[in-house]
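Participant: this one's sequence-less:
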């Protein structure tokens, strides 16, 4: 990978291939740049609750599905790489529970995953530096691409 390039790969498991996956990749590129990460290589997995529950059990020792998981990889030559998994059913439940559109919630989960890949941890609760930055980035990128139609 060349320095200064952001590569975002999208895959799916247990869900149909999202027709909006290219828009999601472009949004991630803009979010990475806004978060100050110029040369990143990340992959996003859109999946169902069953697949994310498997990943949650295997890597976190927690039972059941969650909305987003992040897996940072090694830093090498200024490229911080990682993987993010997002449960589309959980994203939809979150949107309904928080009174947000699915598009807004998808942006929130993508940014949340990116910040975890960057090594940030929000701890417990609904405030703190990571979540404050997450909301700043969401506001900054509010007018950006509509991911989902």
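Facilitator: That came in fine, so what should we check first? Since the structure is predicted, the reported quantities are computational estimates derived from the model, not experimental observations.
Participant: which residues touch residue 66?
Facilitator: 52-53, 56, 87, 90 (Cβ atoms under 8 Å, 6 or more residues apart in numbering). All C-beta atoms are positioned from the backbone trio N, CA, C, and that covers glycine.
Participant: can you pick the most crowded of those?
Facilitator: residue 87 (28 neighbours; other Cβ atoms under 10 Å).
Participant: so how far is residue 140 from that one?
Facilitator: Using Cβ to Cβ, to the nearest Å, residue 87 is found at 25 Å from residue 140.
Participant: again with residue 64
Facilitator: Taken as Cβ to Cβ, the span from residue 64 to residue 140 is 33 Å.
Participant: and the two? Which one has more around it.
Facilitator: Set residue 64 next to residue 140 and count neighbours by other Cβ under 10 Å: residue 140 wins out with 14 against 9.
Participant: where does the prediction get shaky in the chain?
Facilitator: Judged by pLDDT under 70, the chain has its weakly predicted residues at 1-5, 74-80, 124-127, 145, 149.
Participant: ok, longest helix in it?
Facilitator: helix 102-117 (DSSP state H).
Participant: continuing past that helix, what's the next helix or strand?
Facilitator: Of the helices and strands lying after helix 102-117 in sequence (DSSP states H and E), the nearest is helix 129-140.
Participant: centre of the chain versus that following helix, how much separation?
Facilitator: Distance of helix 129-140 from its chain centroid, counting by Cα atoms, centre = their mean, to the nearest Å, is 13 Å.
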